[in-house]
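A.B. asks: okay, predicted coordinates and the sequence, questions at the end:
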Amino acid sequence: MSDQPSVRQPSVQRIDDLFSKLLAEAEAGGYHLNPDEEFTRELVESLIVNIDRYDYPSCPCRLAQGSREQDLDIICPCDYRDPDLSEFGACYCALYVSAAIAEGKGEARSIPERRPSKGDREREGREKAGGRRGKSSDETTGRRSDLAKELDYPVWRCKVCGYLCARDEPPGTCPVCKADKDRFERFI
Amino acid sequence: MSDQPSVRQPSVQRIDDLFSKLLAEAEAGGYHLNPDEEFTRELVESLIVNIDRYDYPSCPCRLAQGSREQDLDIICPCDYRDPDLSEFGACYCALYVSAAIAEGKGEARSIPERRPSKGDREREGREKAGGRRGKSSDETTGRRSDLAKELDYPVWRCKVCGYLCARDEPPGTCPVCKADKDRFERFI
Amino acid sequence: MSDQPSVRQPSVQRIDDLFSKLLAEAEAGGYHLNPDEEFTRELVESLIVNIDRYDYPSCPCRLAQGSREQDLDIICPCDYRDPDLSEFGACYCALYVSAAIAEGKGEARSIPERRPSKGDREREGREKAGGRRGKSSDETTGRRSDLAKELDYPVWRCKVCGYLCARDEPPGTCPVCKADKDRFERFI
């Protein structure tokens, strides 16, 4: 776009720092970066370019809209990483890979785009405001709120990794995958 | 109090060690120590003084009773850290701060005391023995036990960070915030 | 057994590497390796022998069958570690110990075998296929599936540490205890 701010190439130091941070966080949470370091460093560089451009590390392999709200599901690690790791052994960019592939016991396959189209995402967003996942809102909201009434705290779910916690508000950072607070949704 | 044991000033080595431990645990769990290292080291020193005095690191900014049971909610990290981080960007002592403040993007505001008064804590403790959080005990205990009957294990909640796990007993240490076993409560 | 492949003694390097990995993972998850390093390194060596023999680190103190499915509950950390840590302050092998014992404040006691007999494990497996934990299958499966219907995702439980998460499938690795995906069970 014409009004896109010009973005400088990230310094080696910044790439080193983010690479080390992502590597440590991945291993701590039971995830694995792609062991092809040259390839992985290129993705890390693209993440930094996106941080400079948008103020958040949107997925290097997808087109961002430039608004955090609209890109929330593709901020890296994206909402689709874990299902793709389960099904294909790698995320859409192959930044994250399964343990088997990290150990050289398999190879990443080609990965179809799991992200719903813009229209479907918007429709889903409107439905979530009422009920969820294709269930009619009367049916689920009513029952879930019955369940919630029995518990002392709401239960929050990290949309990236599925981490659950019970607190008045979601944590500032997911302790497992380090996703930000706005990546949590009310689960119960 | 007159029978308070005299407590020596902690050595630099002990302050270094606890500072490093808290820093590593905070980052691993998605938390942040106050980046003002001089200030933070003073709080760490106070925590060590409290460990020597009471055998647990009670909050440096609150008056401890000297009994673990009575001070359980203010053993650092206290039960109020996470709500204060959400609302004010820092805990009561400002030992822990939000990501934004850790990165210099904001400043800690003054934080009112969130801890209930001694009378209210005692009343709440008695109520918890029956029902919870102001709900009548008949109402919630009955329903929760119905819910528990449907599950294979009790669900435990860390009162500090909200971590949930399903096991016969709570873990010895919360994997997220490193709180001790007695900081867990039955959730379902 | 006569067809058991011969297994070489692990190199010091491999022992160092696995020892460091287990130590880091234990501390990160709120667990503690036995502080008697010589003793612990011997157990680590036995784990490597089992990895070479069976392709998984089955418990050094129990007789493995050699099939992952049958030995799943005794892959280290075993399903019995956490209850044994709660009750006895150490796991069956004393590879993992409680915080108190790690700090020299107590001593590990002798630990009876908590693992059910082969016959009981097989019976339990058959029952789990229907209901659970001695409840009749009609009673629990029906109710649990009612509960599941109210939630947007299934809830998975790590059989080793009790970690809970809500996602379409369990994670590849438990973020808390690093157990593999097949150590998870459906909880709700």
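C.D. replies: Noted; the coordinates are in hand. Numbers count the residues shown, from 1 in each chain, chains lettered A, B, ... in the order given.

A.B. asks: mind listing the helices for chain A?
C.D. replies: Along chain A, counting by DSSP state H, helices occupy A:12-28, A:37-54, A:68-71, A:81-88, A:99-102, A:118-130, A:137-149.

A.B. asks: near chain B at all, the longest one?
C.D. replies: Right, helix A:37-54. No: figure legend: helix A:37-54 not in contact with chain B (Cβ under 8 Å from any Cβ of the partner chain); closest approach 12.3 Å. Yep, even glycine has a C-beta here, placed from its N, CA and C like the rest.

A.B. asks: let me see the mean pLDDT of that helix.
C.D. replies: In this model, helix A:37-54 has a mean pLDDT of 97.

A.B. asks: if I pick the closest residue to A:Ala166 other than its chain neighbours, what's in contact with it?
C.D. replies: In space, and not counting its chain neighbours, A:Ala166 is closest to A:Tyr153: 4.1 Å by Cβ to Cβ, 6 or more residues apart in numbering or on different chains. With contacts defined as Cβ atoms under 8 Å, 6 or more residues apart in numbering or on different chains, A:Tyr153 is in contact with A:Ala166, A:Arg167, A:Asp168, B:Arg157, B:Gly162, B:Phe187.

A.B. asks: right, so the helices of chain A: which one is the most enclosed?
C.D. replies: Most buried of these, by mean neighbour count (mean count of other Cβ atoms under 10 Å in any protein chain shown): helix A:81-88, with a mean of 20.

A.B. asks: so how far is that helix off the chain centroid?
C.D. replies: Between the centre of helix A:81-88 and the centre of its chain there are 12 Å (Cα atoms, centre = their mean, to the nearest Å).

A.B. asks: and if you look at stretch A:178-188?
C.D. replies: Using Cα atoms, centre = their mean, the offset of stretch A:178-188 from its chain centre is 11 Å.

A.B. asks: buried residues, that stretch. List them.
C.D. replies: Within stretch A:178-188, the residues scored as buried using 16 or more other Cβ atoms under 10 Å in any protein chain shown are A:Lys178, A:Ala179, A:Asp180, A:Lys181, A:Arg183, A:Phe184, A:Phe187, A:Ile188.

A.B. asks: OK, contacts around the first one?
C.D. replies: For A:Lys178, the set of contacting residues under the criterion of Cβ under 8 Å, 6+ apart consists of A:Glu25, A:Gly29, B:Gly30.

A.B. asks: between these, which is closest to chain C?
C.D. replies: The shortest approach to chain C among the contacts of A:Lys178 belongs to A:Gly29, at 4.6 Å (Cβ to the nearest Cβ).

A.B. asks: which of the contacts of A:Lys178 lies closest to C:Ile75?
C.D. replies: The closest of the contacts of A:Lys178 to C:Ile75 turns out to be A:Gly29 (Cβ to Cβ; 20.3 Å).

A.B. asks: just to revisit the earlier point, any idea which of the helices of chain A gets closest to C:Cys78?
C.D. replies: Of all these, helix A:99-102 sits nearest to C:Cys78, with 19.5 Å by Cβ to Cβ.

A.B. asks: for the closest one, name the packing helices and strands.
C.D. replies: Helix A:99-102 sits against strand A:32-33, with contacts defined as 3 or more Cβ pairs under 8 Å, 6 or more residues apart in numbering or on different chains; DSSP states H and E.

A.B. asks: how far is the strand it packs on from where the chain is centred?
C.D. replies: Taking mean C-alpha positions (Cα atoms, centre = their mean), strand A:32-33 and its chain are 14 Å apart.

A.B. asks: so for that strand, mean pLDDT?
C.D. replies: Here the average pLDDT along strand A:32-33 is 97.

A.B. asks: any chance you could list what contacts it?
C.D. replies: With Cβ under 8 Å, 6+ apart, strand A:32-33 has contacts from A:Leu22, A:Leu23, A:Ala26, A:Thr40, A:Leu95, A:Tyr96, A:Val97, A:Ser98, A:Ala99, A:Ile101, A:Ala102.

A.B. asks: mind listing residues that contact stretch A:17-30?
C.D. replies: Residues outside stretch A:17-30 that contact it (Cβ under 8 Å, 6+ apart) are A:31-33, A:40-41, A:44, A:47-48, A:96, A:161, A:176-178, B:28, C:28, C:171-175, C:178.

A.B. asks: try it again with 6 Å
C.D. replies: A:His32, A:Leu33, A:Arg41, A:Val44, A:Val176, A:Cys177, A:Lys178, B:Ala28, C:Ala28, C:Thr173, C:Pro175, C:Lys178 (Cβ atoms under 6 Å, 6 or more residues apart in numbering or on different chains).

A.B. asks: out of those, which is nearest to B:Asp52?
C.D. replies: Nearest to B:Asp52 among those, with distances taken as Cβ to Cβ, is B:Ala28, at 26.0 Å.

A.B. asks: contact residues of chain A facing chain C?
C.D. replies: Counting by Cβ under 6 Å from any Cβ of the partner chain, the residues of chain A close to chain C are A:28-30, A:86, A:98-99, A:132-133, A:143-144, A:147, A:157, A:162-164, A:176, A:187.

A.B. asks: distance of the residue sitting furthest away from the middle of chain A relative to B:Tyr54?
C.D. replies: Distance from the C-alpha centroid of chain A peaks at A:Glu150, with 30.6 Å (Cα atoms, centre = their mean). When distance is defined by Cβ to Cβ, to the nearest Å, A:Glu150 is 36 Å away from B:Tyr54.

A.B. asks: done for today, thanks.
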